[in-house]
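K.L.:
coordinates only, sequence not included:
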């Protein structure tokens, strides 16, 4: 007798689920938006200051965790100190840390903020 049921799957670990999500359509879309945002920020340095102010407001309001705040502060600081290539590489890095950061980005609606 064969006791294996093909409809039953083994549970997968958290690590395996994370690997499955690494190339999700949502992450690809968020990355494409950030590539466009990087170009805007480089073209208009005032937008970088607006993004930094938005980051500060979100952190003060408790909307983002300290690790997200430090990550984005460090990345935006690269642009403010004219390290453009390092800034580009940091924002578009394809790793789990940056995928998590990009989901909590202060670069959303850059033109709309005052």
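P.N.:
The structure has been received and is ready for your questions. Since this is a predicted model, take the numbers as computed values, not measurements. Numbers count the residues shown, from 1 in each chain.
K.L.:
Any figure for the gap between the residue nearest to the spatial centre of the chain and residue 32?
P.N.:
By CA atoms, centre = their mean, the mean C-alpha position of the chain lies nearest to residue 102, the distance being 0.9 Å. For residue 102, the distance to residue 32 (CB to CB, to the nearest Å) stands at 11 Å. C-beta: built from backbone N, CA, C; applies to glycine.
K.L.:
swap in residue 64?
P.N.:
22 Å.
K.L.:
more neighbours, these two?
P.N.:
Using other CB atoms under 10 Å as the criterion, residue 64 and residue 32 rank with residue 64 on top: 19 against 11.
K.L.:
Could you check how far the more buried one is from residue 88?
P.N.:
Look at residue 64 and residue 88: by CB to CB, they are 22 Å apart.
K.L.:
In stretch 50-68, which residues are buried?
P.N.:
Within stretch 50-68, the residues that count as buried by 16 or more other CB atoms under 10 Å are 50-52, 54-55, 58-59, 64, 68.
K.L.:
Show residues contacting that stretch.
P.N.:
With CB atoms under 8 Å, 6 or more residues apart in numbering as the test, stretch 50-68 has contacts from 41, 69, 72-73, 76, 80, 100-101, 104, 106-107, 110, 113.
K.L.:
just how off-centre is it within its chain?
P.N.:
Counting by CA atoms, centre = their mean, to the nearest Å, stretch 50-68 is centred 14 Å from the centre of its parent chain.
K.L.:
Helices along this structure, start to end?
P.N.:
Here the chain has its helices, by DSSP state H, at 14-21, 25-43, 45-60, 66-80, 84-91, 96-102.
K.L.:
Kindly calculate the angle that the fifth one makes with helix 66-80.
P.N.:
Per axes from the mean of the first three to the mean of the last three CA atoms, to 10 degrees, the angle that helix 84-91 makes with helix 66-80 is 150 degrees.
K.L.:
how big is the angle separating helix 84-91 from helix 25-43?
P.N.:
Using the same axes, to 10 degrees: helix 84-91 against helix 25-43 is 160 degrees.
K.L.:
Show me what counts as buried in helix 84-91.
P.N.:
For helix 84-91, burial by neighbour count (16+ other CB under 10 Å) applies to 87-88, 90-91.
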